[in-house]
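# Sequence and predicted structure below; questions after.
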2 protein chains.
Amino acid sequence: MVMGGKGKSYSWLSLCLLGSTIVNIYFLSDLYIDGKGKGKGKGKVSWGEEGAAKAEEVASIYCSNHGRAYLDGVIGEDGKPVCECHTCYGGSDCSLLSPHCAADADRSLSLSLLCVCSGDPLFLEPFWMHHASSSAVLISGWHRMSYNFPGPTAISEVLDSHIRRLHHVAKNALTEGKYIVFGGGSTQLLNAAVYALSANLSSPASVVAAVPSYPLYKTQTDFFQNKNYAFKGDASLMSNASYANTNVIEFVTSPNNPDGNLKEAVCKGPCVRAIYDHAYFWPHFTAIPSPADEDVMIFTMSKLTGHAGSRFGWALVKDVEVYYNMMAYIIAAEMGISRETQLRALQLMKAILRGDGKEIFDYAFEKMSDRWGKLSRIFSKSKRFSIQEIPPLYCNFFDKVRGPSPGYAWVKCEREEDLDCTRVLREANIIGRAGSRFSVDDRHVRLSLLKGDDDFNLLLNRLEKLVDEEGGPEAVSGF
Amino acid sequence: MVMGGKGKSYSWLSLCLLGSTIVNIYFLSDLYIDGKGKGKGKGKVSWGEEGAAKAEEVASIYCSNHGRAYLDGVIGEDGKPVCECHTCYGGSDCSLLSPHCAADADRSLSLSLLCVCSGDPLFLEPFWMHHASSSAVLISGWHRMSYNFPGPTAISEVLDSHIRRLHHVAKNALTEGKYIVFGGGSTQLLNAAVYALSANLSSPASVVAAVPSYPLYKTQTDFFQNKNYAFKGDASLMSNASYANTNVIEFVTSPNNPDGNLKEAVCKGPCVRAIYDHAYFWPHFTAIPSPADEDVMIFTMSKLTGHAGSRFGWALVKDVEVYYNMMAYIIAAEMGISRETQLRALQLMKAILRGDGKEIFDYAFEKMSDRWGKLSRIFSKSKRFSIQEIPPLYCNFFDKVRGPSPGYAWVKCEREEDLDCTRVLREANIIGRAGSRFSVDDRHVRLSLLKGDDDFNLLLNRLEKLVDEEGGPEAVSGF
């Protein structure tokens, strides 16, 4: 654009600014003032208005973009839900950063009793805020009060079909001819699958997973003290001979948690049955070489849409007997999955599937890829630390070779004396999860890359500082 | 920084304009692109409108008051969710009654694999339709994506406090000094409690319940094949001697399912621990002689608000170790209860607690009391069938002596030859649940009184016909 003198530009700009500001005020009033019930009653909704207005009012509470207020949050002195601040932020509007607070790239579930915590996938929150309208769902007071769904399966048929469509778009799993079981997150389905695969065996099954492996497999399998199965550790340590005559159930996490690499079952043989944990098998986190077609595959909304709090997962199951046993498990455990959860899952899937359904995958891949790039650049300057290598691979979804975008960095302390890598990072104010939790040595630490921008940026800053200081006097003396 | 001159203002303005424009684009995209251009800024709500309008649209689908359309129902040819008709009603608008269809006063969960079905409490649906505005909740796309709740317990503090307030209003349980555990219905908490009470024992615990007893206790305890406990049947059959040296866990259902009578633990002794299943311990179904104050008490939203589909229950627990073990169970099973479910439970409790919070109890008692009156009148004419007696009792909530209003009729076939009472009723087109399911003889049948009006009225008609025919030639020949 060619513009005249400065004076002219100045007036032009002023006018634009004025216009733009007026438009802003209009929208702001729409979102925030009208949202507080000050409107003129000309809306299109009646009994749903109170619920919608309440949700909008809470959404408009200002938390400095470093926190969020929720409809069911603790009520503050002003009668409104208080801001719940991101790690390291505080104050009533989350504007205060604690400069020495630790960058938490580990725990997400604060219950210390049994830490089965996983990555808290808040990196997708901006996506949902952008799609506010299409993703909001209003639940009426009388929505599905019954135990029943129509049909024989006690699950939402419509949600079932949306899940199948989503796999079709993501090109990550074949659903035809497979049964779907809903569960309370993948967590519940993992145990339901072990239960189902160990039912009616002549002797108890050995449950294994190749290390480094997701700690929950062991924790959960041990926890339930079931007579039909027991956790037996590393799949790689099972010799062919030992599982020729033993019933083996192998958890195969692909891509793997913690290291992000695609995996196949290690154990083979007539008595081996595999449970494919495909929580991260989405274009967000990995190349999809081809659609998966295993006997038992488990997915979770947590890592697809980022709704970890919803506790919604599903299993794709080929064998009808295994399907029946898994369904029976869910029924015996809690008579099926909450209808609210199923309704919201459906709403989120509907929102995703608008248009060609690819936007969320593009968004998530971009974001995770960008994060990995930033992290890699920091670690490339380091001799003290390394991160896992994930080779570029052809991806069925993007129809091209693509680079890595894993959910976790699997960091290794390379110096001989740094046996406890978690401690080394902890001293730099970074909280990671120790390798021993994944059944390998403590030279390794897992850092979550799934969290919100505040957490990730803090992690980057701390890592950068740590790596920059490698050349310092303390670091040098370490060699 | 001090700035002067037009040049600086120019840069400043440009920056403002850029910022302002970005904000505009954000709002525009949110309101108009995502919202499909529905937001004209005249309603009281903006991004919540689409969700609210959809819910209202579905609620307005006409199903002749013999069915309901739901937001996640199967889509019909007209592009809208189809009517889901009550038992015995059909047609696209549920207007067709099948005259010979059976009155189903039994099953509510159609999964035949493992029938742990319970009463489907649709009798409260009209209450919620009447309170449409206060009970509707809009869930934003970004609501509680995290695993975390603030605080150490991974549950909603606000919901916790509402539950305590509700018990205070209902005067049915003392909550002070007790911990609350949330579960996937009472179903999940029953097993969590058995798990918690049997942890760290020197020998496996014997799980018992006095007959007639709710079938789930046995089904579920057997199902999970845990090393630490096993179901051992009727509590009354355990002699004092046998549980002097045995670890016993007794389920005490009070009021009892199926017969509605208040109960106390049968087993006593230092190694006995009781789980009080108080699902029906609300003014709806029973007199409340005094607030309950047991060590482990389990409640469920299903029988309080009628939301069986929500799968939300809670336990009140005195002992901190038992509490920790139960929390650990819920975490290991599925990492806590769905945040959607918790939010909706909160909304329903908020709706209940408006005013003095007593309306739902008055409504539910009236309804159940009326149903029991109608049923009693029919059975009073019969010599072939009898129903349980429930004595009038002083009720702490109503502060007066009140009559019965149980959730189930516990029918007995009095004729010597009517050994299979379920079959006798089945021949009259009435489906009940056999006594053997409750570990007693099949002279008994349980009929649910918790269903919707259509189901209950059909049941009444069929029963009336059956009793009226007692004097007929076939009936007389039976003596």
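It's in. All of these numbers come straight from a predicted model, not from anything done at the bench. Numbers count the residues shown, from 1 in each chain, chains lettered A, B, ... in the order given.
# State the pLDDT value of the residue nearest the centre of chain A.
Centroid-nearest residue in chain A: A:Lys303, 3.1 Å away (criterion: C-alpha atoms, centre = their mean). Note on A:Lys303: pLDDT of 97.
# which residues touch it?
A:Lys303 is in contact with A:Gly119, A:Pro121, A:Ala279, A:Tyr280, A:Trp282, A:His284, A:Phe285, A:Gly407, A:Leu450, counting by C-beta atoms under 8 Å, 6 or more residues apart in numbering or on different chains. (Glycine included, C-beta is placed from N, CA and C.)
# Okay, now the unreliable bits of the stretch 101-250 of chain A?
Across the stretch 101-250 of chain A, the ranges flagged by pLDDT under 70 are A:107-119, A:151-152, A:240-243.
# mind listing the helices for it?
Using DSSP state H, counting those that start in this stretch, the helices of the stretch 101-250 of chain A run over A:125-130, A:132-135, A:157-170, A:185-198, A:216-223, A:240-244.
# Can I get the second one as PDB, trimmed to CA atoms?
In PDB, the C-alpha atoms belonging to helix A:132-135 read as follows (Å, rounded to 0.1, in the frame of the first residue of the first chain):
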ATOM      1  CA  ALA A 132     -16.500 -22.100  21.600                       C
ATOM      2  CA  SER A 133     -19.800 -22.200  19.800                       C
ATOM      3  CA  SER A 134     -19.500 -25.600  18.100                       C
ATOM      4  CA  SER A 135     -18.100 -27.400  21.100                       C
END
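# Once you drop chain neighbours, what's closest to A:Ser436?
Excluding the flanking residues, the one nearest A:Ser436 by C-beta to C-beta, 6 or more residues apart in numbering or on different chains is A:Asp442, at 5.2 Å.
# Let me know the distance separating the one you found from A:Ser254.
Separation of A:Asp442 from A:Ser254 (C-beta to C-beta, to the nearest Å): 25 Å.
# for A:Ile360, same thing?
On the measure of C-beta to C-beta, A:Ile360 and A:Ser254 end up 21 Å apart.
# Domain boundaries for chain A, per the record?
A:38-99, A:114-125+A:358-468, A:157-352 (automatic domain parsing).
# Pipe the ones you listed into a markdown table and attach distance to B:Gly76 per row.
Supplementary listing: the domains of chain A in a markdown table, determined by distance: least, C-beta to C-beta, whole Å:
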| stretch | distance to B:Gly76 |
| --- | --- |
| domain A:38-99 | 22 |
| domain A:114-125+A:358-468 | 28 |
| domain A:157-352 | 12 |
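# out of those, deepest packed?
Across the domains of chain A, averaging neighbours per residue (mean count of other C-beta atoms under 10 Å in any protein chain shown) puts domain A:157-352 on top, at a mean of 22.
# Off-centre distance for that domain?
Centroid separation for domain A:157-352 versus its chain: 15 Å, with C-alpha atoms, centre = their mean, to the nearest Å.
# and if you look at stretch A:145-161?
Using C-alpha atoms, centre = their mean, the offset of stretch A:145-161 from its chain centre is 26 Å.
# could you check whether that stretch is close to chain B?
Yes: residues of stretch A:145-161 contacting chain B under C-beta under 8 Å from any C-beta of the partner chain: A:145-148, A:150-154, A:156-159.
# And the strands in the stretch 151-300 of chain A?
A:179-183, A:205-209, A:229-234, A:248-253, A:272-277, A:296-300 (DSSP state E, counting those that start in this stretch).
# Return the list of helices and strands in contact with the fourth one.
With contacts taken as 3 or more C-beta pairs under 8 Å, 6 or more residues apart in numbering or on different chains; DSSP states H and E, strand A:248-253 sits against helix A:185-198, strand A:205-209, strand A:272-277.
# Using a markdown table, lay out the ones you listed together with distance to A:Ala136.
Formatted as a markdown table, these follow (distance: least, C-beta to C-beta, whole Å):
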| stretch | distance to A:Ala136 |
| --- | --- |
| helix A:185-198 | 22 |
| strand A:205-209 | 39 |
| strand A:272-277 | 31 |
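# closest one to chain B among these?
helix A:185-198 (4.2 Å; C-beta to the nearest C-beta).
# about what we covered before: contacts only, for the residue nearest to A:Ser436.
Counting by C-beta under 8 Å, 6+ apart, A:Asp442 has contacts A:Leu419, A:Asp420, A:Cys421, A:Thr422, A:Ala434, A:Gly435, A:Ser436.
# On the three-state scheme, it is what?
Look at A:Asp442: counting by DSSP: H, G, I helix; E, B strand; the rest coil, its state is coil.
# what about it, distance to chain B?
24 Å (C-beta to the nearest C-beta, to the nearest Å).
# pLDDT score assigned to that residue?
98.
# Enumerate every residue touching the closest residue to chain B within the stretch 301-450 of chain A.
Residue nearest to chain B within the stretch 301-450 of chain A: A:Glu334 (3.2 Å; C-beta to the nearest C-beta). Residues in contact with A:Glu334 (C-beta under 8 Å, 6+ apart) are A:Gly184, B:Gly183, B:Gly184, B:Gly185, B:Thr187, B:Gln188, B:Arg311.
# If we use 7 Å, what do you get?
B:Gly184, B:Gly185, B:Thr187, B:Gln188, B:Arg311 (C-beta atoms under 7 Å, 6 or more residues apart in numbering or on different chains).
# Likewise for A:Asp259?
A:Pro212, A:Gln388, A:Trp410.
# what about 6 Å?
A:Gln388, A:Trp410 (C-beta atoms under 6 Å, 6 or more residues apart in numbering or on different chains).
# Over to A:Val248?
Contacts of A:Val248 (C-beta under 6 Å, 6+ apart): A:Ser206, A:Cys267, A:Val272.
# what about 8 Å?
A:Ala205, A:Ser206, A:Val207, A:Val208, A:Met238, A:Cys267, A:Gly269, A:Cys271, A:Val272, A:Arg273.
# now A:Phe397
If you count contacts by C-beta under 8 Å, 6+ apart, then A:Phe397 has A:Ala170, A:Lys171, A:Asn172, A:Pro283, A:Ile288, A:Phe361 around it.
# pretty sure it is in a strand, no?
No: residue state for A:Phe397 (three-state DSSP) corresponds to coil; a strand is not indicated.
# if I look at it, how far off is A:Ser186?
Taken as C-beta to C-beta, the span from A:Phe397 to A:Ser186 is 21 Å.
# Likewise for A:Lys178?
16 Å.
# if you average pLDDT over stretch A:282-295, what comes out?
For stretch A:282-295, mean pLDDT rounds to 98.
# For that stretch, measure first residue to last.
18 Å (C-alpha to C-alpha, to the nearest Å).
# Quick one: residues in contact with that stretch.
Here stretch A:282-295 has contacts from A:167, A:170-174, A:254-255, A:260, A:262, A:273-274, A:276, A:278, A:280-281, A:303-304, A:317-319, A:322, A:361, A:364-365, A:368, A:392-398, A:401-402, A:404-407, using C-beta under 8 Å, 6+ apart.
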